[in-house]
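J.: the following comprises the amino acid sequence and a computationally predicted model.
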Amino acid sequence: MTSCIAQLNFSFYRSKPIHVDFCGGQISSDAGLLPLRAFDQRHGLTLSLAERVSDPREDERVRHSVLSLFRQRIYQIIAGYEDANDADLLRHDPAFQILADQPLGEALGSQPTLSRWENAPSAREIIRLQDALLDWFVSVCGEQVRKRGEILLDVDSTDDPTHGQQQLSFFNGGYGQHMYHPLLVFERHTGCLLAARLRRGTAASHARIVPLLLRMVPRLQHEFPGVRIKLRADAGFALPLLYEFCEFFGIQYAIGMPANAIFQRRVVRRQRRLARGYRRTRQPQRFFSSFPHRAQRWFHQRRVCYKAEHTETGTNLRFLVTNLEGRSGSIFRFYNDRGECENRIEEFKNGFDADRLSCHRFRANAFRLLLHGFAYNLVNLFRLQLPVSLRSAQIETLRTQLFKIGARIRQTARCVHVHLASGWPFQSLFQTVALAFNSS
């Protein structure tokens, strides 16, 4: 156990002096993670991860199994302890020992142990772990997907600032910083992260998107025959090969396109009319339409939709290429719903600290990105089963109302007793969730 520090004293309480120390024993502030662990056990989620990586260590020297390390790291990220350094104290926390299925009193992995482990997976194992994100979605959300009849893929990239000498960290002029450039794919209706691929800092937004989708789409079509698949992406993914990929696999898509001289000539007369209408009415003017277009590198014509508007700030033009039918205004509304993907990325990066990739080796950082992805998906799949009022709750809300609760943990010959704080205001919510996922 950790050594006790000197006693602290407070004198503001009029009745008696207050003496504080860290010698309380088996006490945890994260006992609310137990229902999440029960949900994990029901679906075998973290168990499936350990089966995808090898363990080169000698059996007689192994104190912490690969499964225990996976659970320790993922649940600590969920609780808000994103750095492996936090493990040096949390390894003695009784709640995390229970979550990792470690006997009470036996310390979990230390920071050096976790660091060595994060550097161990091979490139092939990282690819197998990448597939686990999709496997979780299929196993937990399968019934919901079949009932809805649609899978909507939101594709995006994001910046991951780097500091130090990380491998393949380069200066990206578009973001104005040294960084990695991860590629992310979310499923819109469930919020699940289906893919998270780490890329070098100078990678283009669309780099490796087709190979990534090539591992996902055939699996989705095999698991969900008859379910339509749609895809949305911004202008950074305006890649003819991506259009051809979607058309080959029967995917409906709407992908942003940068404006060019040809497109602007197509809509110049409409722009002038909108400008005149604004000068006459002083009200914003907006118009949606489309036209067929065949670029030099395209094998056939495609539909290009555009939005032209004129406001007090001037003219605004937006273009996208699509194979969707319907009115251009409806297609733009469908495309603009991509904003929800930005919310998911923000939660992934800020709520789950997915941008804390501080290892030196690129492969270790790719593995760490996946660990944060598993933490995000575990919570996301869990909250889809919560009461309706919490199904869209951010991780900070879940930590406040469910995960973060003080408890005294004691072990007897027959069982482990977890005594939760008596004055906790969210007792009824915890009881409802715990009963729903209790596997006993």
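T.: On my side now, so go ahead.

J.: so, low pLDDT: which residues of this protein?
T.: Low-confidence segments of the chain, defined by pLDDT under 70: 1-6, 23, 439-440.

J.: measure residue 293 to residue 316 for me?
T.: Per Cβ to Cβ, to the nearest Å, residue 293 is found 20 Å from residue 316. Every residue, glycine included, has its C-beta placed from N, CA and C.

J.: then residue 133?
T.: As judged by Cβ to Cβ, residue 133 and residue 316 stand 36 Å apart.

J.: just residue 401 next, same as before
T.: The value you get for residue 401 to residue 316, if Cβ to Cβ is used, is 41 Å.

J.: so which of these two has more stuff around it?
T.: Neighbours of residue 401 and residue 316, each counted by other Cβ atoms under 10 Å, are more numerous for residue 401; the result is 17 against 14.

J.: could I get the phi/psi values of the more buried one?
T.: phi -100, psi -10 (degrees, to the nearest 10).

J.: which stretches in the stretch 101-250 of the chain count as strands?
T.: 150-157, 160-161, 170-172, 177-180, 183-187, 193-197, 228-233 (DSSP state E, counting those that start in this stretch).

J.: export these to a markdown table and tack on mean neighbour count?
T.: What follows is those, written out as a markdown table (neighbours: other Cβ atoms under 10 Å):
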| stretch | mean neighbour count |
| --- | --- |
| strand 150-157 | 22 |
| strand 160-161 | 18 |
| strand 170-172 | 15 |
| strand 177-180 | 20 |
| strand 183-187 | 23 |
| strand 193-197 | 24 |
| strand 228-233 | 21 |
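
J.: can you tell me the closest non-neighbouring residue to residue 138?
T.: residue 223 (5.1 Å; Cβ to Cβ, 6 or more residues apart in numbering).

J.: ok, residue 236 next?
T.: residue 205 (3.0 Å).

J.: can you get me a residue count around the one you found?
T.: 20.

J.: how much space between it and residue 172?
T.: 11 Å.

J.: so what sits against both of the two?
T.: Here residue 205 and residue 172 have residue 181 as joint contacts, going by Cβ atoms under 8 Å, 6 or more residues apart in numbering.

J.: show the subsequent helix or strand relative to the helix or strand encompassing residue 70.
T.: For residue 70, the element it lies in under DSSP states H and E is helix 66-78. The first helix or strand that comes after helix 66-78 along the chain, using DSSP H and E, is helix 87-90.

J.: flag every buried residue along that next one.
T.: 87, 88, 90 (16 or more other Cβ atoms under 10 Å).

J.: which among the residues you listed gets closest to residue 197?
T.: residue 87 (26.2 Å; Cβ to Cβ).

J.: was I right about that closest one contacting residue 109?
T.: Yes - applying Cβ atoms under 8 Å as the test, residue 87 and residue 109 come out as touching, 6.2 Å apart.

J.: quick check: neighbours shared by those two?
T.: Common neighbours of residue 87 and residue 109, counting by Cβ under 8 Å, 6+ apart, are residue 72.

J.: now do stretch 256-266: everything it contacts.
T.: 233-238, 291, 293, 304, 306, 317-321, 335.

J.: dump the residue contacts of the spatially most central residue of the chain.
T.: By Cα atoms, centre = their mean, the chain has its centre lying nearest to residue 348, at 4.3 Å. Going by Cβ under 8 Å, 6+ apart, residue 348 touches 184, 193, 354, 372, 373, 376.

J.: if we use 6 Å, what do you get?
T.: Residues in contact with residue 348 (Cβ atoms under 6 Å, 6 or more residues apart in numbering) are 354, 376.

J.: what's the answer for the one 5 residues further on, then?
T.: For residue 353, the contacting residues are residue 82, taking Cβ under 6 Å, 6+ apart as the criterion.

J.: mind redoing it with 10 Å?
T.: 77, 80, 81, 82, 83, 372, 375 (Cβ atoms under 10 Å, 6 or more residues apart in numbering).

J.: widest-spaced pair of these?
T.: 83 and 375 (13.3 Å).

J.: those two: which is more packed in?
T.: Remark: of residue 83 and residue 375, residue 375 carries more neighbours, 24 against 14, as counted by other Cβ under 10 Å.

J.: which SSE is that one in?
T.: helix 362-383.

J.: what about residue 422, which SS state?
T.: Classification of residue 422 by DSSP: H, G, I helix; E, B strand; the rest coil places it in coil.

J.: so how far is stretch 360-368 off the chain centroid?
T.: Distance, stretch centre to chain centre, for stretch 360-368: 17 Å (Cα atoms, centre = their mean, to the nearest Å).

J.: report the buried residues of it.
T.: Within stretch 360-368, the residues that count as buried by 16+ other Cβ under 10 Å are 362, 363, 364, 365, 366, 367, 368.

J.: of the residues you listed, closest to residue 32?
T.: Nearest to residue 32 among these, with distances taken as Cβ to Cβ, is residue 368, at 24.9 Å.

J.: who are the contact partners of the closest one?
T.: The contact partners of residue 368, by Cβ under 10 Å, 6+ apart, come to 73, 77, 82, 84, 118, 119, 198, 354, 356, 357, 358, 359.

J.: what's the distance between residue 418 and residue 388?
T.: Applying Cβ to Cβ, the value for residue 418 to residue 388 is 28 Å.

J.: ok, these two, which is more surrounded?
T.: Neighbours were counted for residue 418 and for residue 388 using other Cβ under 10 Å; residue 418 has more, 17 against 6.

J.: can you give me the buried ones in the helix or strand containing that one?
T.: Using DSSP H and E, residue 418 maps to strand 416-420. If you call a residue buried by 16+ other Cβ under 10 Å, then strand 416-420 has these buried ones: 418, 420.
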